[in-house]
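[1] with the sequence up front, the predicted model follows.
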Amino acid sequence: MKILLLMLVGLLCGGCFVFDEIDQGMAIMDSHTPDSQRAKAKVEAVGTAENADGTPKSARERLNEYYAKQRAKASALVKTSAEPGDKLGRCQIRGAIHYTRRSDCQTRGGKFL
């Protein structure tokens, strides 16, 4: 009797919406994994592979675009991270010489030379 009841439930729930909902939820969760985020970032970093007129870009054009974006990001970081009077120089920390900004040297407990 129990086996018959289990077979009946299995047949009736074969196309159940619960399985569809689980599959959709798994797809959403997979889209938020670190691997998929890295893949999206890589595509955005490289940019589009076509010019405005639809012709494919050469590898040199795509590399130039990539490096221009990276330079812009780096220059924005440098501009925002340094104070106007904060200059680069030698810093002595525990006997070793490092080249850092004055504020970084003081933060690390060094002596700015």
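    Now that the structure is in, tell me what you want to look at.
[2] state the next helix or strand along the chain beyond whatever helix or strand residue 75 lives in.
    Using DSSP states H and E, residue 75 sits in helix 59-81. Per DSSP H and E, helix 59-81 leads on to strand 88-93 as the next helix or strand towards the C-terminus.
[3] residue ranges of each domain in the chain, please.
    When the chain is parsed with automatic domain parsing, its domains come out as 50-81, 84-113.
[4] between these, which gets nearest to residue 2?
    domain 50-81 (62.3 Å; Cβ to Cβ). The C-beta positions use only the backbone N, C-alpha and C, and glycine is treated the same way.
[5] the closest one: which residues count as buried?
    residue 57 (16 or more other Cβ atoms under 10 Å).
[6] got it, and stretch 100-112?
    100-102, 104-105, 110.
[7] from residue 21, how far out is residue 101?
    54 Å (Cβ to Cβ, to the nearest Å).
[8] scratch that, residue 103 is what I was asking about
    54 Å.
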